[in-house]
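>>> What would the 3D arrangement of this be:
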Amino acid sequence: MKKLFATSLAAAAIAAAFPAAFAQTTDPAAAPAGPAMTQRHHERAFKPGDRVEARLAYVRTALKITPAQQPQFDAYAAVLRKNAASMEQRMQERRATMDKTAGERVRPNLIERHERQRTRMTMMQQHLDELLAVEKPLYAALSPEQQRVADEVLAPRGRGEHGGHGGPGRFHRAGFTRG
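Residues are numbered from 1 along each chain as shown. You can find the predicted model right below:
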């Protein structure tokens, strides 16, 4: 019964949002074409910093962080914000490069792809090391009940216990956690 109610509620929300979304996209004067549209899309696109702030608010509420635990949580938040700023900068650099080379895109060869992968993996390891350095003291400062909640809300989604690649993983690969 709960599943039916949740499904019905989700369907109603989507149905209510559809007319507003359709109305926005059908006005040709409101949607410029070409580079202006691309620039506006980039401005509205996924912002890691915004997502991290929403995530931190959720985690703080879910864990019921006490004043005594606040310093450990602040250290955790600082690392997530730093990683989000780094990701946002890389996204802007990638967009600038893509805009410059729009007509002359060439797929990187095998060696270039592996070098990029190695660079990403090195960055992931650094981010994970930074995250562990602040998560361990935060986790130790939590009560057993808070730790049970943390095991759920701080665990990366879309990845099994053995590090499988199912589901959304971009956020996790950048050194962030999702819940």
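>>> switch to C-alpha atoms for all contacts and neighbour counts from now on
Will do.
>>> just the helices in this structure please.
Assigned by DSSP state H, the chain shows helices spanning 2-25, 35-44, 48-63, 70-100, 110-141, 144-153, 170-173.
>>> Now mean pLDDT and mean neighbour count too, for these, in a markdown table please.
Shown next, in a markdown table, are those (pLDDT from 0 to 100; neighbours: other Cα atoms under 10 Å):
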| stretch | mean pLDDT | mean neighbour count |
| --- | --- | --- |
| helix 2-25 | 47 | 11 |
| helix 35-44 | 51 | 11 |
| helix 48-63 | 91 | 16 |
| helix 70-100 | 89 | 16 |
| helix 110-141 | 95 | 15 |
| helix 144-153 | 95 | 14 |
| helix 170-173 | 46 | 15 |
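>>> List phi and psi for residue 142.
Dihedral angles of residue 142 (phi, psi; degrees, to the nearest 10) stand at phi -80, psi 150.
>>> Just the CA trace of stretch 105-125, in CSV.
C-alpha atoms of stretch 105-125 as CSV (Å, rounded to 0.1, in the frame of the first residue of the first chain):
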residue,chain,number,x,y,z
ARG,A,105,37.4,17.6,-31.9
VAL,A,106,39.6,14.5,-32.2
ARG,A,107,39.1,11.5,-30.0
PRO,A,108,42.2,11.0,-27.8
ASN,A,109,44.3,7.9,-28.6
LEU,A,110,44.7,5.0,-26.2
ILE,A,111,47.8,6.4,-24.4
GLU,A,112,46.1,9.8,-23.9
ARG,A,113,43.0,8.2,-22.5
HIS,A,114,45.0,6.1,-20.1
GLU,A,115,47.0,9.1,-19.0
ARG,A,116,43.8,11.0,-18.3
GLN,A,117,42.4,8.0,-16.4
ARG,A,118,45.6,7.8,-14.3
THR,A,119,45.3,11.5,-13.5
ARG,A,120,41.7,11.1,-12.5
MET,A,121,42.5,8.1,-10.3
THR,A,122,45.3,10.0,-8.6
MET,A,123,43.0,12.9,-7.9
MET,A,124,40.3,10.4,-6.6
GLN,A,125,42.8,8.9,-4.2
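>>> The chain should start at 50 in everything you say after this.
In the new numbering, first residue 50, that becomes stretch 154-174.
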